[in-house]
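**Student:** I need the structure of the sequence given here:
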Amino acid sequence: MDKLRAMQLFVRVVDAGSFTAVADEMNVTKSMVSKELRRLEDELGARLLYRSTRGQQLTPIGEGYLQRCRALLLQMDDADAYVQDMQSNPKGKLRINVPMALGITDLSRMFAAYLQAFPDIELDIHLGDESLDLIEHGFDLGFRAASQTFDSNYIGKPLTRFRYQVCAAPQYLARHRRIRKVSDLAQHNCFIYSYFRNHNRWPLNEGVTVSGNLRVNNTLFMRQIIEAGLGIGFLPSFVAAPGIQQGTLKEILPKAERPTLTLYALYPNRQFVQPKLLRCIEFLQQWFQTQPF
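**Tutor:** Residues are numbered from 1 along each chain as shown. Below is the predicted model of the structure:
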């Protein structure tokens with residue numbers, strides 16, 4: 001028995017005042033309507049309606065059950081309307097964790113476009129490079145660059161791929177020993193990014209351990225120090241690109257092997273994912289398809 005359908009039928013019979021009216025409305029026989037309600041009563045183990053030749057009347061239990069059916073069906077209609085409304089016109093707040101450099105260099109443009117497309121969404125964005133637990137800190141969405149999959153608590157939607165570039169300013173390269181191979185980096189002043197997973201071991205070819213007089217937790221800050229001619233950095237391509245294009249940075253060892261990272265939109269793995277979040281991720285994926293990285 002479809003219990004939800006039977007509940008809807010029960011409410012309709014009470015509102016219409018007769019089995020015949022509901023049968024005509026549904027284009028079925030009166031006996032089919034009566035049989036469906038009898039099954040519901042058998043399922044519940046209680047009489048909902050007194051039937052007679054003059055019509056039907058609610059039992060005391062039927063009166064209480066009717067109120068609860070109305071409330072349940074109203075909630076169901078509200079849930080359906082909520083989904084439809086969110087699909088067509090997302091509303092509400094989204095808390096998003098964004099890496100500092102990516103947020104400043106590229107994602108500010110993306111989120112500006114997103115707010116123009118969905119003006120009823122309120123964004124609460126946290127910029128920071130530290131690795132935060134999205135669930136613990138109450139984030140709906142986070143951006144993570146990784147070369148491996150995530151644990152079962154999260155779902156990662158790929159957005160784009162990027163590479164790392166070893167960079168130095170032309171004046172640094174002019175003043176220091178020439179770099180011909182990866183191992184030469186060990187003899188240079190190489191800056192360390194605090195949140196880099198491999199710490200001071202750069203994944204070039206078989207790997208090289210580097211050292212230097214600067215450790216910092218922000219790659220944009222690091223790029224400015226590199227452009228001042230003070231050392232060498234291992235930068236993501238979206239951070240290095242402006243300096244390389246303007247000539248304030250030069251890429252070193254471009255043919256050395258290195259990992260390619262995927263940028264993911266990461267969100268908690270829950271039974272029900274908010275439509276506004278899914279629409280946001282869909283927007284992100286489309287936006288990144290048009291952006292060179």
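
**Student:** Summarise which helices and strands the longest strand along the chain is packed against.
**Tutor:** Longest strand in the chain, counting residues (DSSP state E): strand 154-168. Strand 154-168 sits against strand 141-146, helix 219-227, strand 232-236, helix 237-246, strand 250-252, strand 260-268, helix 275-289, with contacts defined as 3 or more C-beta pairs under 8 Å, 6 or more residues apart in numbering; DSSP states H and E. To be clear about C-beta, it is placed using only N, CA and C from the backbone, and glycine gets the same treatment.

**Student:** Now do the buried residues in the fifth one.
**Tutor:** The reference is to strand 250-252. 250, 252 (16 or more other C-beta atoms under 10 Å).

**Student:** Sheet partners, orientation included, of it?
**Tutor:** strand 154-168 (antiparallel) (DSSP bridges).

**Student:** Same question for the first one.
**Tutor:** Each strand paired with strand 141-146, and its direction, by DSSP bridges: strand 92-98 (parallel), strand 260-268 (antiparallel).

**Student:** outside of the shortest one, which residues touch it?
**Tutor:** By that I understand strand 92-98. For strand 92-98, contacts defined as C-beta atoms under 8 Å, 6 or more residues apart in numbering pick out 107, 120-128, 132, 134, 137-143, 274, 276-277, 280.

**Student:** for stretch 162-180, what is the average pLDDT?
**Tutor:** The pLDDT scores in stretch 162-180 average 95.

**Student:** Check stretch 245-258 too.
**Tutor:** Mean predicted lDDT for stretch 245-258 stands at 95.

**Student:** Kindly report the same for stretch 30-44.
**Tutor:** On average, stretch 30-44 scores 90.

**Student:** which parts of it are buried?
**Tutor:** Under 16+ other C-beta under 10 Å, the buried positions of stretch 30-44 are 33-34, 36-37, 40-41.

**Student:** can you list the residues that contact it?
**Tutor:** Contact with stretch 30-44 is made by 1, 3, 5-7, 9-10, 13, 19-20, 22-23, 26, 47-49, 51, 65, as judged by C-beta under 8 Å, 6+ apart.

**Student:** try it again with 10 Å
**Tutor:** 1-3, 5-7, 9-10, 12-13, 16, 18-26, 28-29, 46-49, 51, 56, 59, 61-62, 65 (C-beta atoms under 10 Å, 6 or more residues apart in numbering).

**Student:** Can I get the buried part of the residues you listed as one PyMOL selection?
**Tutor:** Of those, the buried ones can be selected in PyMOL as follows, counting by 16+ other C-beta under 10 Å:
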select buried, resi 6+7+9+10+13+19+22+23+48+49+56+59+62+65
